[in-house]
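*Asks:* Okay, structure incoming, though there's no sequence with it:
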């Protein structure tokens, strides 16, 4: 078997808008994760502003320490786009016009009845020896001292297209003998990170080529397993074995899924298996729970309807919650949550219903029911449950936590009745 | 007037999880934007992995070229947290134990009946001369050759707290004579970026200290105005003047708001002013439109209820859409969208209603009604309107575009009837 080495590269993202905090650097996350899935890794990500000297300095340094270099941004037609001239400077090359591409641009401009301008002409300028990549978008490739350098536009859609159709295939061809990496995410519900750490403390999978990591993700925790091997098959075997051990130690009933199996997908799958349909009744979450459930393609197979009963009148009209119940206990209360779920179930003619009522704030709290108090109910043909929670954070955090917890409760109700407290 | 200089610093974010694409670098966006609003700017953001030599190299370089340095991540109690030892190495300092903090940690551990461990002891180790910041979280401060260096935890909530309560106040004290920056965002609806660029082409506000930028934000476009001046008052005056010119050229009826005035807030304000209440009926957006409307605190003043009528039965039951209408035209059609809005309005006893029905995909499309086809209706006491749109992208993109467009239509209906096509 040939010797395999880790292939690592650098990413440089150019743009004042990132340094000024106008936009998040979404491109770097996408590039890092796509590369990783193909067995390449980044060992540094640098963001610089739209200044030629700064960009040139970073390019020079990055190319000398990397096996490949990816650069995004600063390639447009306007004055503040300095990446191309910076590359020429960093790599000691003249700036030349790509005559073929210039010709093509002129043709396109004529078709669209656009006057030829200096801005358009700039788009055809490249560092000497570079090859234009991408049509109707910025981008070029050049090799410098044996290091492939890919210059991509900052526009996310264009960058993504060039990355998957050009950069990654080219890298795969250049580095055929590299390691294969495979990742698995184990999604854990209802345990704190420290408790997961405690349960997995003794587990060491490095001897089988698997590294274990932890990532708290809001209301759920991820255990990530990274396998490195000579082939995809080898990685898959290693992952499967490590995964089995992790799930054993954590407890299978705390694991809701793997990889992309978000909770709403798992809930949908359970509903489809049982042949049950569901309805949702929401107050403080204002439609978010229905939205999460219906974000899964094909949700119409099991989702019938949602009631966003924001006013008390709506709770009475649409869900038959008795007015006295609201008067006595308040709209944010255990009995009202339960009646909302029951009402939704009956009115929709569905087998399953979930209901959420709470105080998302910032106003509306009281000493007895502070902001963040949320009641969540779930009813199925086999079980009725209602839970009180106190979530922290701002309005958005509280609504997000309430939705995720409602999905957790639905998941538990649909998998195993014994885990939940029943009324 | 004293001479003012721009205060620029570097940000170093540490973590394999960012380089491997496991999580986006949300911390850097938050830090950049918070600093900017206080008159500081970043001129470089570097992300490195959890390797001591790499971190030390970057710290050494960054501190020599910056007026301040912020570092996040790699400060926890576990083996892969290398930032503290890297800082000791980079700045040529011994690693020492902060006895006071160690004492405090021991007390906390005893209270919680936790055994004292090497991991806990590591939390009290700091580079010599550093000052511990933050309680019950990682973090320290040190000054190196006159440059303040803030080491913050990677946990977003903890980082944010230390940034706003400690780092920024300290920076403000250290650099009193800096420029003030103020930013204004003009939110433009219904115009392409190129058209906005054309209308603003002749406008140059640099002589009044204001820079103009463009940021496409999905379905709306932002014109950003950046003022730099000696005082907040000066900036405010400059911004107000530039803003007036921008709005004149773009057309006031295309501007929905400024700064944080998201469309759902503007719509809410218009409803509150008119004293009207609203209801929402949704099919393909599955609750997202209601969720956006109710994301605004106090939305209960004008939002009554939402109907997530996913099944045809739900559209008939809850909104009185005639079954024959669905049979003849299909659930995704102009007349059904309009009937949904009318039904929602009547059933909720509200003045205003919006309805969305469409094909979010990936399945369910046809040659006549491809994936992305969405009908959006809006009814008020003065106007009834329905629009057909064809959105591109995946399921999430299409649902997002539909919600934003529905809010645009609501906004136009509530501001000026003459802009919309009436049936």
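*Replies:* Yes, it's here. Note that the structure is predicted; figures quoted are calculated from it, not measured.

*Asks:* drop to CA atoms for contacts and neighbour counts, all remaining ones
*Replies:* Will do.

*Asks:* Would you confirm that residue A:226 contacts residue A:212?
*Replies:* Yes: between residue A:226 and residue A:212 a contact is recorded at 6.5 Å, counting by CA atoms under 8 Å.

*Asks:* List the buried residues for stretch A:268-283?
*Replies:* By 16 or more other CA atoms under 10 Å in any protein chain shown, the buried positions in stretch A:268-283 come out as A:268, A:270, A:271, A:276, A:277, A:278, A:279, A:280, A:281, A:282, A:283.

*Asks:* Next one, pLDDT for residue A:232 please.
*Replies:* Predicted confidence (pLDDT) at residue A:232: the value is 86.

*Asks:* what sits against it?
*Replies:* When contacts are counted by CA atoms under 8 Å, 6 or more residues apart in numbering or on different chains, residue A:232 touches A:180, A:181, A:182.

*Asks:* Residues contacting the lengthiest helix in chain A, please?
*Replies:* Secondary structure of chain A read by DSSP state H shows that its longest helix is helix A:395-415. With contacts defined as CA under 8 Å, 6+ apart, helix A:395-415 is touched by A:189, A:218-219, A:256, A:263-264, A:266-267, A:270-271, A:284-285, A:288-289, A:354-356, A:360-362, A:372, A:374, A:376-378, A:380, A:383, A:391-392, A:419-420, B:295, B:297.

*Asks:* try 6 Å this time
*Replies:* Applying CA atoms under 6 Å, 6 or more residues apart in numbering or on different chains, the contact partners of helix A:395-415 are A:267, A:285, A:289, A:360, A:361, A:372, A:391.

*Asks:* Ok, stretch A:208-221 next?
*Replies:* The contact list for stretch A:208-221 (CA under 6 Å, 6+ apart) reads A:188, A:189, A:222, A:223, A:224, A:225, A:226, A:227, A:228.

*Asks:* about what we covered before: which of the residues in the longest helix of chain A are buried?
*Replies:* The neighbour-count check on helix A:395-415 (16+ other CA under 10 Å) flags A:395, A:398-414 as buried.

*Asks:* Identify the farthest-apart pair in the contacts of helix A:395-415.
*Replies:* A:267 and A:361 (28.3 Å; CA to CA).

*Asks:* Any residue of the lowest-mean-pLDDT helix or strand in chain A touching chain B?
*Replies:* Among the helices and strands of chain A, helix A:118-122 carries the lowest confidence by mean pLDDT, DSSP states H and E, at a mean of 79. No: for a cut-off given as CA under 6 Å from any CA of the partner chain, helix A:118-122 has no contacts with chain B; the smallest distance is 13.5 Å.

*Asks:* So what's the model's average confidence on the next helix or strand along the chain from that helix?
*Replies:* Once helix A:118-122 ends, the next helix or strand along the chain (criterion: DSSP states H and E) is strand A:125-127. Computed over strand A:125-127, the mean pLDDT rounds to 94.

*Asks:* Run the chain-centre distance for strand A:125-127.
*Replies:* Taking CA atoms, centre = their mean, to the nearest Å, one finds strand A:125-127 lying 35 Å from the centre of the chain it belongs to.

*Asks:* list the helices and strands it packs on?
*Replies:* In terms of contacts (3 or more CA pairs under 6 Å, 6 or more residues apart in numbering or on different chains; DSSP states H and E), strand A:125-127 is packed against strand A:95-97.

*Asks:* which outside residues touch the strand it packs on?
*Replies:* Contact partners of strand A:95-97, identified using CA under 6 Å, 6+ apart, comprise A:124, A:125, A:126, A:127, A:128.

*Asks:* And for stretch A:8-27?
*Replies:* A:40-42, A:44-50, A:66-74, B:29, B:32-33, B:42.

*Asks:* So which of those residues are in strands?
*Replies:* A:40-42, A:44-48, A:69-72, B:42 (DSSP state E).

*Asks:* Now do the residue lying farthest from the centre of chain A against residue A:357, distance only.
*Replies:* For chain A, the C-alpha farthest from the mean C-alpha position belongs to residue A:324; by CA atoms, centre = their mean, that distance is 44.0 Å. Distance of residue A:324 to residue A:357, given as CA to CA, to the nearest Å: 17 Å.

*Asks:* Without its sequence neighbours, what residue ends up closest to the residue in the stretch 151-300 of chain A that chain B sits nearest to?
*Replies:* Proximity to chain B, evaluated over the stretch 151-300 of chain A using CA to the nearest CA, is greatest for residue A:287 at 4.2 Å. Closest residue to residue A:287 apart from its sequence neighbours, by CA to CA, 6 or more residues apart in numbering or on different chains: residue B:287 at 4.2 Å.

*Asks:* Contacts only, for that neighbour.
*Replies:* By CA under 6 Å, 6+ apart, the residues touching residue B:287 are A:287, A:290, A:291, B:308.

*Asks:* confidence score at it?
*Replies:* 98.

*Asks:* Flag every residue of chain A that's near chain B.
*Replies:* A:19-21, A:24, A:29, A:32-33, A:42, A:44-48, A:286-288, A:290-291, A:294, A:304-311.

*Asks:* and residue A:236, that one's in a helix?
*Replies:* Yes: the assignment for residue A:236 by DSSP: H, G, I helix; E, B strand; the rest coil puts it in a helix.

*Asks:* which residue sits closest to it, ignoring its sequence neighbours?
*Replies:* Excluding the flanking residues, the one nearest residue A:236 by CA to CA, 6+ apart is residue A:182, at 7.2 Å.

*Asks:* Helix, strand or coil: sort out the one you found for me.
*Replies:* When classified by three-state DSSP, residue A:182 comes out as strand.

*Asks:* Can you show me the strands along the stretch 101-250 of chain A?
*Replies:* Per DSSP state E, counting those that start in this stretch, the stretch 101-250 of chain A has strands spanning A:125-127, A:131-132, A:140-144, A:147-152, A:180-189, A:210-217, A:220-229. These are given in chain order.

*Asks:* Pairing partners for the fourth one, with directions?
*Replies:* Right, the one you point to is strand A:147-152. Applying DSSP bridges, strand A:147-152 is found paired with strand A:69-72 (parallel), strand A:140-144 (antiparallel).

*Asks:* in stretch A:76-88, what's buried?
*Replies:* For stretch A:76-88, by 16+ other CA under 10 Å, it's A:76, A:77, A:81, A:82, A:83, A:84, A:85, A:86, A:87, A:88.

*Asks:* Let's see the distance spanning it from one end to the other.
*Replies:* Taking CA to CA, stretch A:76-88 runs 16 Å from one end to the other.

*Asks:* From the rest of the structure, what touches that stretch?
*Replies:* So stretch A:76-88 is in contact with A:52, A:55, A:56, A:74, A:75, A:119, A:122, A:123, A:127, going by CA under 6 Å, 6+ apart.

*Asks:* If we use 8 Å, what do you get?
*Replies:* Contact with stretch A:76-88 is made by A:14, A:50-53, A:55-56, A:59, A:73-75, A:94-95, A:119-120, A:122-123, A:125-128, A:138, A:153, as judged by CA under 8 Å, 6+ apart.

*Asks:* Among these, name the buried ones.
*Replies:* In the contacts of stretch A:76-88, burial by neighbour count holds for A:14, A:50-53, A:55-56, A:59, A:73-75, A:95, A:120, A:122-123, A:125-128, A:138, A:153, counting by 16+ other CA under 10 Å.

*Asks:* Report the contact partners of the residue farthest from the centre of chain A.
*Replies:* Taking CA under 8 Å, 6+ apart as the definition, residue A:324 has no contacts.

*Asks:* Kind regards, and thank you for your time.
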